[in-house]
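Chemist: let's see this in three dimensions:
(one chain, ligands or ions: 1)
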Amino acid sequence: MTMRSFGLIRQCCNALVRVPLAREKSPVSLPISHLSRSLTTAAEALKITYDEKSEVATMHLCRKPVNGLSLEFITQISIALEKLENERSCRGVIISSGCDNVFCAGLDINEMLRPTPERLEIFWKTLQDMWLQLFTTRLMTVAAITGHCIAGGCLISSACDHRVMAPNFKIGLNEVKLGIVAPFWLVDSVKNLIGYRQTEWSLMKGHLFSSEDALRLGLVDKVVPQDQVVLQAEADMAEWLQVPDSARHLSKTLMRRDTVVRFRSGREADLKTFVNYIPKESIQKTLHSYVESLKSKK
Ligand SMILES: CCCCCCCCC/C=C/C(=O)SCCNC(=O)CCNC(=O)[C@H](O)C(C)(C)COP(=O)(O)OP(=O)(O)OC[C@H]1O[C@@H](n2cnc3c(N)ncnc32)[C@H](O)[C@@H]1OP(=O)(O)O
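Modeler: Presented below is the predicted three-dimensional model:
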């Protein structure tokens, strides 16, 4: 297998990103790594490899411990997606995880705890952009879900074109358990996969599906043993790439058009709702208790 890493992507991921620091009034430019709240540095958090023979890239999410989606991390993912999109030879991307038993635990909750308005706004805009990129990319996208895939994790997996999951993990939208509500565009992308009623009740309850139930409902496409997830994702990708790229992408665009149109017309209002809702004292209290409950389960 001929592998090479994308030098350009690496350069971009380590570049300066203009983000407001928590509790500061105006944005300042700092290296991403300086802002990371993770156990991993920014350079370690996202690894991209490219297999020239299969023309498939792998985006390995390694922001330990749980691939929490911080502003810096989603910025890195977004930059990497753009680079891959522009790399003419690249036809597909497999998104995998380097965190034990977790594909992605969703948004880094710290981003929503006592945030500054500036950072909160950039955070949400960047997340919206990343979702749109992933949802509409010309690349064939496969999620290799080797562990739990929760809320913002499900945002990533449901925006992909195909999903392979390991057994005995949880996947879905549990936002209500944190006192928040999933945005309509994320709800739409899940509804596109499992239908109205299953989305409605699971959203209202904050229910997380087992891998097996997710397979039955169509929230994932295959369940295979954990150590075979990536291999299966690669095999499925190869099969998908037998379809001519432009016809596949046009079909995807056709099927996703309504969701994208709704997103584009509602994204500004969605942003306003998010930045107004999250700082509310009652929401802050619920988020705080949720974080405490995560800590106290140990
Ligand atoms: C109107 C509408 C407008 C508002 C609109 C708002 C829309 C928001 C849409 C999306 C919202 C989200 O994604 S909100 C995020 C939802 N995600 C979750 O609820 C997942 C919570 N996490 C878990 O359930 C578990 O951690 C799980 C993933 C299963 C892994 O369990 P493990 O036992 O392996 O590991 P843990 O010990 O729990 O976690 C390891 C450490 O990671 C931390 N951690 C875990 N998940 C984290 C997270 N998401 N963000 C930060 N930190 C996290 C834990 O606190 C631990 O920290 P230490 O104790 O310090 O080691």
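
Chemist: residue 97 - how many residues pack around it?
Modeler: 27 (other CB atoms under 10 Å). Quick note: C-beta positions are derived from backbone N, CA and C, even for glycine.

Chemist: ditto for residue 289
Modeler: 12.

Chemist: just the element for it, please.
Modeler: In the assignment (DSSP states H and E), residue 289 maps to helix 281-296.

Chemist: so, low pLDDT: which residues of this structure?
Modeler: Across the chain, the ranges flagged by pLDDT under 70 are 1-39.

Chemist: show me which residues of it sit near the ligand.
Modeler: 65-66, 68, 101-102, 105-110, 148, 150-152, 174-175, 178, 180-183, 273-274, 277-278, 294-295 (CB under 6 Å from any ligand atom).

Chemist: if any of these are buried, give me the ChimeraX selection for them.
Modeler: Buried subset of the residues of the chain next to the ligand, written as a ChimeraX selection, criterion 16 or more other CB atoms under 10 Å:
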select :66,68,102,105,106,107,108,109,148,150,151,152,174,175,178,180,181,182,183,274,278
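
Chemist: that older thread, show me what counts as buried in the helix holding residue 289.
Modeler: Those would be 284, 287, 290, for helix 281-296 by 16+ other CB under 10 Å.

Chemist: is it true that the last one touches residue 109?
Modeler: Spelled out, that is residue 290. Yes: contact criterion CB atoms under 8 Å: residue 290 and residue 109 qualify, at 7.0 Å.

Chemist: what's the overlap in contacts for those two?
Modeler: residue 178 (CB atoms under 8 Å, 6 or more residues apart in numbering).

Chemist: so which elements touch the strand or helix carrying residue 269?
Modeler: For residue 269, the element it lies in under DSSP H and E is helix 245-277. With contacts taken as 3 or more CB pairs under 8 Å, 6 or more residues apart in numbering; DSSP states H and E, helix 245-277 sits against helix 117-136, helix 184-194.

Chemist: do that again at 6 Å, thanks
Modeler: Under the contact definition 3 or more CB pairs under 6 Å, 6 or more residues apart in numbering; DSSP states H and E, helix 245-277 sits against helix 117-136.

Chemist: list of residues touching the helix it packs on?
Modeler: Residues outside helix 117-136 that contact it (CB atoms under 6 Å, 6 or more residues apart in numbering): 19-20, 71, 74-75, 77-78, 81, 111, 155, 159, 267, 271, 274-275.

Chemist: quick check on the nearest residue to residue 163 once chain neighbours are set aside: phi, psi?
Modeler: Residue nearest to residue 163 in three dimensions, not counting chain neighbours: residue 220, with 4.2 Å by CB to CB, 6 or more residues apart in numbering. The phi and psi values for residue 220, taken as degrees, to the nearest 10, are phi -130, psi 160.

Chemist: my read: residue 220 touches residue 165, true?
Modeler: Yes: between residue 220 and residue 165 a contact is recorded at 4.3 Å, counting by CB atoms under 6 Å.

Chemist: compare the two (neighbour count), which wins?
Modeler: The neighbour comparison of residue 220 against residue 165 (other CB under 10 Å) goes to residue 165, with 30 against 26.

Chemist: flag every buried residue along the helix or strand hosting residue 84.
Modeler: Element membership of residue 84, judged by DSSP H and E, is helix 71-86. Of all the residues in helix 71-86, those buried under the rule 16+ other CB under 10 Å are 71-84.

Chemist: report the contact partners of residue 112.
Modeler: 278, 287.

Chemist: repeat that for residue 245.
Modeler: Here residue 245 is in contact with residue 91 (CB under 6 Å, 6+ apart).

Chemist: switch the cut-off to 10 Å
Modeler: 55, 91-92, 138-140 (CB atoms under 10 Å, 6 or more residues apart in numbering).

Chemist: as TSV, those residues with neighbour count, secondary structure and distance to residue 116 would be great.
Modeler: As requested, the contacts of residue 245 are exported to TSV (neighbours: other CB atoms under 10 Å; DSSP: H, G, I helix; E, B strand; the rest coil; distance: CB to CB, whole Å):
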residue	neighbour count	secondary structure	distance to residue 116
55	18	coil	42
91	19	coil	40
92	26	strand	38
138	16	coil	36
139	22	coil	34
140	24	strand	38
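
Chemist: phi, psi for the closest residue to residue 210 other than its chain neighbours please.
Modeler: Spatial nearest neighbour of residue 210, chain neighbours left out: residue 170 (6.6 Å); criterion: CB to CB, 6+ apart. Residue 170 adopts backbone torsions of phi -120, psi 150, taken as degrees, to the nearest 10.
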